[in-house]
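Enquirer: can you look at this prediction? I've put the sequence above it.
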Amino acid sequence: MREISNDDKLFYFEKHFFTLDGLWMIETEEATDWDTALKIDTKVWIRLLQIIIRRIKNYLEIKTNSLKDLIEILTFRWSVENWNYKIESLKENEVIITIHKCPYNSMMKRNPERHDKIPLICKEMCIPFYEAIIKDFNPEITIERDKYMGLGDKTCNFHFKY
């Protein structure tokens, strides 16, 4: 019997995490309808992301809720999930990040039958996710965004201010 390594665990959970996300949405949509599935999925993801943020914060032994801490947590998550991003500006009270590859957008693009859903997922899920988790993390941090791959831009952007 093979001894399981951390790389094996990472492979297993990484591949199945994204598959579960897609299958959950498709099956929920088939059992109900698009609007109901989207509402359920959005609620689940907001709660899940709040839990993920808290767990990463604990894992990284972060004690405060500063902008620097938020960026540390988000970039940890994005790195683990294989996002391609660049921190364009990192100041104490302002951070600008450009996303060049989002695994969720990439996953949707791989399925031609779901291309029409990409803008809906972006508007109804991704945008509210970040607004909710940032407000939950520290309501004094604001986010501005004006580029979204899911809405046709080449990149996404995040402009955080404290």
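Expert: Noted; the coordinates are in hand.

Enquirer: go through stretch 39-51 and flag the buried ones.
Expert: Residues I40, D41, T42, W45, I46, L49 are the ones in stretch 39-51 that count as buried (16 or more other CB atoms under 10 Å). All C-beta spots, glycine's among them, are computed from the backbone N, C-alpha and C.

Enquirer: H115: neighbour count?
Expert: If you count neighbours by other CB atoms under 10 Å, H115 ends up with 11.

Enquirer: same check, this time on the one 3 residues further on
Expert: The number of residues packed near I118 is 19, by other CB under 10 Å.

Enquirer: contacting residues for K39?
Expert: Taking CB atoms under 8 Å, 6 or more residues apart in numbering, we find K39 in contact with no residue.

Enquirer: about what we covered before: now intersect the buried residues of stretch 39-51 with the helices, please.
Expert: Taking DSSP state H, the ones among the buried residues of stretch 39-51 that sit in helices are I40, D41, T42, W45, I46, L49.

Enquirer: helices along the chain, start to end?
Expert: 6-31, 34-59, 67-80, 103-109, 118-121, 127-137.

Enquirer: so for the fifth one, mean pLDDT?
Expert: The average pLDDT for helix 118-121 rounds to 90.

Enquirer: same for that helix, what does it pack against?
Expert: Secondary-structure packing of helix 118-121 (3 or more CB pairs under 8 Å, 6 or more residues apart in numbering; DSSP states H and E): helix 34-59, helix 103-109.

Enquirer: pLDDT below threshold where in this structure?
Expert: The chain contains no residues with pLDDT under 70.

Enquirer: where's R114 relative to L151, distance?
Expert: R114 sits 15 Å away from L151, taking CB to CB, to the nearest Å as the criterion.

Enquirer: what of I121?
Expert: 10 Å.

Enquirer: okay, those two: which has more neighbours?
Expert: For I121 versus L151, neighbours defined as other CB under 10 Å are more numerous around I121 (19 against 13).
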